[in-house]
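K.L.:
Fold the following, please.
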Amino acid sequence: MEEKVKYVKPEIFLLLLTAAFLGTALFAVYGKANAANGTYCVETQREATEPVIPQIEPIDLNSATKEELMTLDGIGEVLAGRIIDWRAENGPFQSVNDLLEVKGIGEKTLVNIQDFIQAEETE
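P.N.:
Okay, the predicted model is just below:
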């Protein structure tokens with residue numbers, strides 16, 4: 001008597017092959033097997049504990065252009081213009097605290113930018 005050879009239907013074969021591929025891909029992406037104790041290790045990126053801030057030269061209030069002033073946090077086109085107008089009307093800034101005399105600049109803004117500005121004496 002002849003035995004008939006049974007074949008797996010192509011649809012089922014493709015389904016099994018796809019499942020095996022996806023399982024392998026997910027395993028490769030999301031974890032690595034540890035054969036010693038059967039656990040998985042998922043690699044993640046760790047955030048820096050302290051932000052890296054590039055060192056920059058402070059902006060001199062007595063010579064800064066409008067564009068340079070606008071690089072400061074909280075100083076837009078209007079406030080930069082007011083700083084330049086104040087400088088033209090009152091002369092050079094004697095200290096960074098003189099910025100408080102410029103309309104629209106308060107304590108909070110000054111605290112945010114004080115490490116990035118200076119008021120050098122002009123000749």
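
K.L.:
remind me, longest helix of this structure?
P.N.:
Counting residues, the longest helix in the chain under DSSP state H turns out to be helix 10-30.

K.L.:
What are the buried residues along that one?
P.N.:
Within helix 10-30, no residue is scored as buried using 16 or more other CB atoms under 10 Å. Backbone N, C-alpha and C define where each C-beta goes, glycine included.

K.L.:
what do you get for stretch 109-123?
P.N.:
Result for stretch 109-123 [16+ other CB under 10 Å]: buried residues 109, 110, 113, 117, 118, 119.

K.L.:
Identify, from these, the entry nearest to residue 58.
P.N.:
Distance to residue 58 across the buried residues of stretch 109-123 (CB to CB) is lowest for residue 118, with 4.2 Å.

K.L.:
Report the contact partners of that closest one.
P.N.:
58, 59, 60, 61, 96 (CB atoms under 8 Å, 6 or more residues apart in numbering).

K.L.:
where do the strands sit along the chain?
P.N.:
Here the chain has its strands, by DSSP state E, at 32-34, 39-41, 59-60, 117-118.

K.L.:
Would you single out the least confident of those?
P.N.:
Among the strands of the chain, strand 32-34 carries the lowest mean pLDDT, at a mean of 51.

K.L.:
Would you map out the domains in the protein?
P.N.:
10-41, 59-118 (automatic domain parsing).

K.L.:
Dump those to JSON lines, plus distance to residue 4.
P.N.:
Output for these, formatted as JSON lines (distance: least, CB to CB, whole Å):
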{"stretch": "domain 10-41", "distance to residue 4": "18"}
{"stretch": "domain 59-118", "distance to residue 4": "80"}
